[in-house]
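Colleague: build me a structure from this.
(2 chains)
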Protein chains: 2
Amino acid sequence: MSKTYKWGILGAGRIARKFANDLKYVEGARLYAVGARTADSAHEFAIEFADVKEYDSYKKLVSDPEVDAIYVATPHGFHHEHVMLCLEHGKAVLCEKAFAINTREAKEMIALAQSKKVFLMEALWTKFNPHYLKTMALIRSGKIGKVKSLHANFGFKPFEPVPQRLFDPLLGGGTLLDIGIYNVFIALSVLGRPDVIEATAELSDKGIDMQLSVLFKYKGGEQAQLFSSFYTDLSNECDICGEEGRIRMGTRFFAPDTSITYYEGKPDTAEVIPYHREQGFGYQYEARHVQECLTGGLIESPVVTWNDTIVQMEVMDEIRKLIGVSYPKDK
Amino acid sequence: MSKTYKWGILGAGRIARKFANDLKYVEGARLYAVGARTADSAHEFAIEFADVKEYDSYKKLVSDPEVDAIYVATPHGFHHEHVMLCLEHGKAVLCEKAFAINTREAKEMIALAQSKKVFLMEALWTKFNPHYLKTMALIRSGKIGKVKSLHANFGFKPFEPVPQRLFDPLLGGGTLLDIGIYNVFIALSVLGRPDVIEATAELSDKGIDMQLSVLFKYKGGEQAQLFSSFYTDLSNECDICGEEGRIRMGTRFFAPDTSITYYEGKPDTAEVIPYHREQGFGYQYEARHVQECLTGGLIESPVVTWNDTIVQMEVMDEIRKLIGVSYPKDK
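Modeller: All right, here's what the predicted structure looks like:
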């Protein structure tokens, strides 16, 4: 009989709720406990999800010997602190992106996982989603020929109550780590690590990027043009352009509810590519993968490797350096 | 009774045919003559368009005293030569874009028009098209609030027989002057002349830009992200993003058959904005304007001013300098 994994969720916000919801689609997963900053928010969460143990501190959650794996769902400014806490207590960790504020933090987190021999993975859900796997398979099949350029944008206008973490340097604010990371991720996925990076941003009074243009340049001439913004709800599409055609990942290109459209030629050649969609928000795929890793005794995912996470952090550090965004925690 | 303008068309290619077709929608316009490099191509053109005088040289066309106005429809590498020829013969000129290879050529052409007191205008048809006027009116009305960014792309994969003018430095090849000009134009229209320009291109063996990323930066923080390519048929869309919403000019954003979609918020708030469409390809609007200018005794259009043309050429010269594309005619 296969093991049932008891999941703890560290943090009780919006993303925590979505992940908690999706665990019901994962065989062998049990939503076991939640840890929040306050008893009230833990209790609210427990009311929504039946049979969930509630803890009014993260420390109590990680100290529960029954917990097998923890999904860290706090804002990225706190990931280092919370992941270290989990690992110190021997808990396997799936950590929401951005994995950390900077490469130094990420390396410390990974080093602790290595030394403690505990599983740790960045929760880059897109990489496990069917739409992403389908898109990457199409590209690998040669359907659009050699990829020459990629264009991705992700922008939204925060609505009231505007989360201050988006704008606060102390919490790693700015578009890059919050949403621009998806543009960076898809470009790295399709074209690999760029040879040259250019970046331009409009900074807020507090010195975080309110909107950001990034250009990845490759020795072969390929280019990736990325844009993220807190000013406007953008199309949030991604175009992948090859010598033999184009693939558009539609609105919310990073999420499993997007569309995939293939263009052999001009835009009127549009062909919608079907793919299998499960119920749920799409977090079940990464949760399943974590359980498979744990069952296999792995401490590192072969899909989202530690190196993948480090490279992504290094690229984001470089972008921040180019636009002059630094956080107090960088020091 | 109002005057009938006798139009001559210099060049007998694809764009010449579209313009010739659209003249039938212009009151007071008569398609009078065509001048081509060879008797054969002039004759082919005359077979297609009834009652058109055919000339087997440009010289003969401009020497016909009956011709009132000439549409220069040759590739941009020849515009300087052909426009000068027209002006020397006192013919009003509507010159297809790109107006010239570089600013120096453009200034010489304009200087001759000034000294000869003859009408000269760049055939920037988009600026007269209903979809463009509607879009600009929407922006001016404040519908999308303060514009913070603009994203435009124009790319196509040339098909056989591939026109060598696209790739030949002698003819001003490259994406910028052929199609990237529309991206530059729309950004200048919406955001004005940029304070800083960045540009990156992949160059061909012959040193022309096969694909090109351009970033316009403005003191107020606004950004325009532009892309042109000869590798892939791109979406050819333009997004104009403001603090209160977004406008997408759809496929062929530069042409009167595009769509205008307004988004108040997320992409599912899409509202298609209707506008009046006439029959034809859309070249009749600029032809009408030329006739109005001539009737009014003007030698410069108040809509596409000489300064507009010079600024656009200067910006394109700067982009070419940044990417290291120079033409023999630049020397």
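
Colleague: for the rest of this, base every contact and every neighbour count on C-alpha atoms.
Modeller: OK.

Colleague: get me the contact residues on the stretch 1-150 of chain A for chain B.
Modeller: residue A:148 (CA under 8 Å from any CA of the partner chain).

Colleague: any weak-confidence spans in the stretch 1-150 of chain A?
Modeller: Low-confidence segments of the stretch 1-150 of chain A (pLDDT under 70): A:1.

Colleague: show me where it has helices.
Modeller: Along the stretch 1-150 of chain A, counting by DSSP state H, counting those that start in this stretch, helices occupy A:14-22, A:39-48, A:58-63, A:79-88, A:103-116, A:130-140.

Colleague: and those as TSV, adding distance to residue B:215 and mean neighbour count?
Modeller: Listed next are the helices of the stretch 1-150 of chain A as TSV, based on distance: least, CA to CA, whole Å; neighbours: other CA atoms under 10 Å in any protein chain shown:
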stretch	distance to residue B:215	mean neighbour count
helix A:14-22	34	18
helix A:39-48	45	17
helix A:58-63	45	20
helix A:79-88	34	21
helix A:103-116	28	18
helix A:130-140	28	18
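
Colleague: closest one to residue B:10 among those helices?
Modeller: Residue B:10 lies closest, by CA to CA, to one member of the helices of the stretch 1-150 of chain A: helix A:130-140, at 45.0 Å.

Colleague: who are the packing partners of that closest one?
Modeller: Judged by 3 or more CA pairs under 8 Å, 6 or more residues apart in numbering or on different chains; DSSP states H and E, helix A:130-140 is in contact with no other helix or strand.

Colleague: go again with 10 Å.
Modeller: helix A:181-191, strand A:238-242, strand A:245-249, strand A:260-263 (3 or more CA pairs under 10 Å, 6 or more residues apart in numbering or on different chains; DSSP states H and E).

Colleague: could I get these as TSV with mean neighbour count?
Modeller: Output for the helices and strands packed on helix A:130-140, formatted as TSV (neighbours: other CA atoms under 10 Å in any protein chain shown):
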stretch	mean neighbour count
helix A:181-191	22
strand A:238-242	25
strand A:245-249	26
strand A:260-263	22
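
Colleague: adding distance to residue A:317 and mean pLDDT, write the ones you listed out as CSV.
Modeller: CSV is the format used below for the helices and strands packed on helix A:130-140 (distance: least, CA to CA, whole Å; pLDDT from 0 to 100):
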stretch, distance to residue A:317, mean pLDDT
helix A:181-191, 11, 98
strand A:238-242, 23, 98
strand A:245-249, 26, 98
strand A:260-263, 31, 98
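
Colleague: kindly reformat the ones you listed as a markdown table containing distance to residue B:144.
Modeller: Shown next, in a markdown table, are these (distance: least, CA to CA, whole Å):
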| stretch | distance to residue B:144 |
| --- | --- |
| helix A:181-191 | 24 |
| strand A:238-242 | 23 |
| strand A:245-249 | 25 |
| strand A:260-263 | 28 |
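
Colleague: let me have these in JSON lines, extended by distance to chain B.
Modeller: Compiled in JSON lines, those are given as follows (distance: least, CA to the nearest CA, whole Å):
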{"stretch": "helix A:181-191", "distance to chain B": "15"}
{"stretch": "strand A:238-242", "distance to chain B": "6"}
{"stretch": "strand A:245-249", "distance to chain B": "6"}
{"stretch": "strand A:260-263", "distance to chain B": "8"}
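
Colleague: right, so of those, which gets closest to residue B:184?
Modeller: Closest approach to residue B:184 among these (CA to CA): strand A:238-242, 20.5 Å.

Colleague: export that closest one to CSV, keeping only CA atoms.
Modeller: Extracted as CSV, the C-alpha positions of strand A:238-242 are listed here (Å, rounded to 0.1, in the frame of the first residue of the first chain):
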residue,chain,number,x,y,z
CYS,A,238,3.8,34.5,-25.0
ASP,A,239,4.7,34.3,-28.6
ILE,A,240,7.4,31.7,-29.6
CYS,A,241,8.5,32.5,-33.1
GLY,A,242,10.4,30.1,-35.3
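
Colleague: name every strand pairing with that strand and say which way it goes.
Modeller: strand A:147-155 (antiparallel), strand A:245-249 (antiparallel) (DSSP bridges).

Colleague: save those as a markdown table, and put in distance to residue B:238 too.
Modeller: Below are those laid out as a markdown table (distance: least, CA to CA, whole Å):
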| stretch | distance to residue B:238 |
| --- | --- |
| strand A:147-155 | 13 |
| strand A:245-249 | 15 |
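
Colleague: and of the ones you listed, who's closest to residue B:137?
Modeller: Of these, nearest to residue B:137 by CA to CA is strand A:147-155, at 24.4 Å.

Colleague: that older thread, out of the helices of the stretch 1-150 of chain A, the one nearest residue B:74 is which?
Modeller: Residue B:74 sits nearest to helix A:130-140 of all those, at 39.0 Å, using CA to CA.

Colleague: longest helix in chain A, please.
Modeller: In chain A, taking DSSP state H as the definition, the longest helix is helix A:306-323.

Colleague: out of the strands paired with strand A:238-242, nearest to residue B:265?
Modeller: Using CA to CA, those put strand A:147-155 closest to residue B:265, at 10.7 Å.

Colleague: what number of residues lie near residue A:325?
Modeller: Applying other CA atoms under 10 Å in any protein chain shown, we find 19 other residues in the vicinity of residue A:325.

Colleague: how about it, what does it touch?
Modeller: By CA atoms under 10 Å, 6 or more residues apart in numbering or on different chains, residue A:325 lies in contact with A:169, A:172-174, A:201, A:203, A:206-209, A:317, A:319.

Colleague: if any of these are buried, give me the PyMOL selection for them.
Modeller: In PyMOL, this line selects whichever of the contacts of residue A:325 come out buried by 16 or more other CA atoms under 10 Å in any protein chain shown:
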select buried, chain A and resi 169+172+173+174+201+203+207+208+209+317+319
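
Colleague: which of the contacts of residue A:325 fall within helices?
Modeller: Among those, DSSP H puts A:317, A:319 in helices.

Colleague: what about the contacts of residue A:325, which are in strands?
Modeller: Among the contacts of residue A:325, DSSP state E puts A:201, A:203, A:209 in strands.

Colleague: and chain B, which of those reach it?
Modeller: Among the ones in strands among the contacts of residue A:325, the ones lying close to chain B by the criterion of CA under 10 Å from any CA of the partner chain are A:201, A:203.

Colleague: between the ones in strands among the contacts of residue A:325, which is closest to residue B:79?
Modeller: Here the nearest of the ones in strands among the contacts of residue A:325 to residue B:79, counting by CA to CA, is residue A:201; it sits at 38.4 Å.

Colleague: how about the closest one, nearest residue that isn't a chain neighbour?
Modeller: Nearest non-adjacent residue to residue A:201, counting by CA to CA, 6 or more residues apart in numbering or on different chains: residue A:212, 4.2 Å away.

Colleague: indicate each strand paired with the host helix or strand of the one you found and its parallel or antiparallel sense.
Modeller: Using DSSP states H and E, residue A:212 falls within strand A:209-217. Here strand A:209-217 is paired, per DSSP bridges, with strand A:196-203 (antiparallel), strand A:223-229 (antiparallel).

Colleague: state the mean pLDDT of that strand.
Modeller: For strand A:209-217, mean pLDDT is 98.

Colleague: that one to helix A:306-323, inter-axis angle?
Modeller: Inter-element angle recorded for strand A:209-217 and helix A:306-323: 110 degrees (by axes from the mean of the first three to the mean of the last three CA atoms, to 10 degrees).

Colleague: okay, the strands paired with strand A:209-217 in CSV with mean pLDDT and distance to residue B:223 next?
Modeller: Shown next, in CSV, are the strands paired with strand A:209-217 (pLDDT from 0 to 100; distance: least, CA to CA, whole Å):
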stretch, mean pLDDT, distance to residue B:223
strand A:196-203, 98, 9
strand A:223-229, 98, 10
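
Colleague: of all these, which one is nearest residue B:274?
Modeller: strand A:223-229 (28.1 Å).

Colleague: any idea how far that closest one is from the chain center?
Modeller: On the basis of CA atoms, centre = their mean, to the nearest Å, strand A:223-229 sits 17 Å off its chain's mean C-alpha point.
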